[in-house]
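K.L.:
Compute the structure for the input listed below.
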Amino acid sequence: MVTLQTLKTSKDFQAAKNGRFFRSNSFLLQALKASNENIIKVGYTVTKQNGNAVNRNRIKRRLREVVANVIHDYGKNNWNYVLIGKKKVITANFEDLNKEFINALKKIHK
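P.N.:
Coordinates of the predicted model:
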């Protein structure tokens, strides 16, 4: 069983910038192979350009739910993922967000 953890250090977020990335309509996915065993780490970023704190937190909550639904089936061990949310996450259909994230993971690992 793969353990899912949250990225917390700025160093991990900065390192993911140098990895692979995929830009979708609702978010940007950055990914980097890490050295940890059987751990998938996911970080979430939403800038102030996306609105006030209420909207930014709503975007992060929706992204966390999408990741919880999809990552165990399509994510790979020893990878760090960073999701940078956009305003469209708030209005997007949840099924469409799941499909976008699955597509993004497939493209990253292709």
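K.L.:
can you tell me the helix or strand for residue 71?
P.N.:
Per DSSP states H and E, residue 71 falls inside helix 53-74.
K.L.:
In terms of secondary structure, what does the helix or strand just after that helix contact?
P.N.:
As assigned by DSSP H and E, the chain's next helix or strand after helix 53-74 is strand 79-85. Applying 3 or more C-beta pairs under 8 Å, 6 or more residues apart in numbering; DSSP states H and E, we find strand 79-85 packed against helix 10-16, strand 27-33, strand 39-45, helix 53-74. Glycine gets a C-beta too; all of them are placed from N, C-alpha and C.
K.L.:
The second one: partners in the sheet, and parallel or antiparallel?
P.N.:
It stands for strand 27-33. Its sheet considered, strand 27-33 pairs with strand 20-23 (antiparallel), strand 79-85 (antiparallel) by DSSP bridges.
K.L.:
residues in contact with the helix holding residue 71?
P.N.:
The contact list for helix 53-74, computed with C-beta atoms under 8 Å, 6 or more residues apart in numbering, reads 2, 4, 27, 40, 42, 44, 46-48, 50, 81, 83, 85-87, 89-90, 94, 97-98, 101-102, 105-106, 109.
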